[in-house]
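A.B. asks: model the following, please.
(chains A and B)
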Amino acid sequence: DIQMTQSPSSLSASVGDRVTITCRTSQDIRKYLAWFQQKPGKAPKSLIYAASSLQSGVPSKFSGSGSGTEFTLTISSLQPEDFATYYCQQYNSYPYTFGPGTKVDI
Amino acid sequence: EVQLVESGGGLVQPGGSLRLSCAASGVTFSGHYMDWVRQAPGKGLEWVGRSRNKANSYSTEYAASVKGRFTISRDDSKNSLYLQMDSLKTEDTAVYYCVLNVVANDAFDIWGQGTMVTVSS
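C.D. replies: Numbers count the residues shown, from 1 in each chain, chains lettered A, B, ... in the order given. Sure thing, here's the model as predicted:
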């Protein structure tokens, strides 16, 4: 199975900050990586797929980059609604695996 | 608007069975891959398994942790996905989400609200 790590595991930030989350995989997954946002008690929401493709309706302050084994999710200007937990997921090979999550709080 | 609604969760004893359903609306169901993802209380996300579309013979994939115990099926005429869970263990306790892949086969773009399964004696 492909192992996923995320860093940091949590971070504290302020409104207006630029935030970057890193996801690393144990094997080369080319660009088969997605990012999700989850708020407490809610279902995850898809933000990005194919490492850098923004899902429809997701604001452009979210961006993704990377390929191979290292990927980043960047939020250009953090807003109150962005405080949540963020997960990466590889879909290069089965079983699909998720990262452990990065909690972003104030 | 595309919507997924899961049902069938509840409390079950270890070794028991449960069948979850996921009903889709606002979309032509048959052309899409669908997945189940679960989340144990206070934990992260775990992919459970997938049903491919009719064009790919409705073939399935499973996580090792559920293979041989869980079975994914679908009824395109009812726009519904199912998860038959047998030989349940306490570690299967989680919120179960169904996921519809619309934009691409691995987009994971539409999620249901989830249904809670508790395995306990």
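A.B. asks: host element of residue A:11?
C.D. replies: Using DSSP states H and E, residue A:11 sits in strand A:10-12.
A.B. asks: how about residue B:78, phi and psi?
C.D. replies: phi -110, psi 10 (degrees, to the nearest 10).
A.B. asks: tell me, what's the model's pLDDT at it?
C.D. replies: The score at residue B:78 is 94. That number is its pLDDT.
A.B. asks: just the helices in chain B please.
C.D. replies: Per DSSP state H, chain B carries no helices over any range.
A.B. asks: tell me which parts of it are close to chain A?
C.D. replies: Proximity of chain B to chain A is confined to B:35, B:37, B:44-47, B:50, B:61-64, B:97, B:103-104, B:106-109, B:111-114 under the rule Cβ under 8 Å from any Cβ of the partner chain. To be clear about C-beta, it is placed using only N, CA and C from the backbone, and glycine gets the same treatment.
A.B. asks: so what's the residue nearest the centre of chain B closest to, chain neighbours aside?
C.D. replies: Nearest to the geometric centre of chain B sits residue B:36, at 3.1 Å (Cα atoms, centre = their mean). Leaving aside its sequence neighbours, residue B:36 sits nearest to residue B:48 (Cβ to Cβ, 6 or more residues apart in numbering or on different chains; 4.0 Å).
A.B. asks: the one you found contacts residue B:38, doesn't it?
C.D. replies: Yes - assessed by Cβ atoms under 8 Å, residue B:48 is found in contact with residue B:38 at 5.3 Å.
A.B. asks: who touches the residue nearest to the spatial centre of chain A in this structure?
C.D. replies: What sits nearest the mean C-alpha location of chain A, by Cα atoms, centre = their mean, is residue A:35, with 3.7 Å. By Cβ atoms under 8 Å, 6 or more residues apart in numbering or on different chains, the residues touching residue A:35 are A:23, A:46, A:47, A:48, A:62, A:64, A:73, A:86, A:87, A:88, A:89.
A.B. asks: which ones among the residues you listed also lie next to chain B?
C.D. replies: Restricting these to those within reach of chain B (Cβ under 8 Å from any Cβ) leaves A:46, A:87, A:89.
A.B. asks: secondary structure class for the second one?
C.D. replies: The three-state assignment at residue A:87 reads strand, by DSSP: H, G, I helix; E, B strand; the rest coil.
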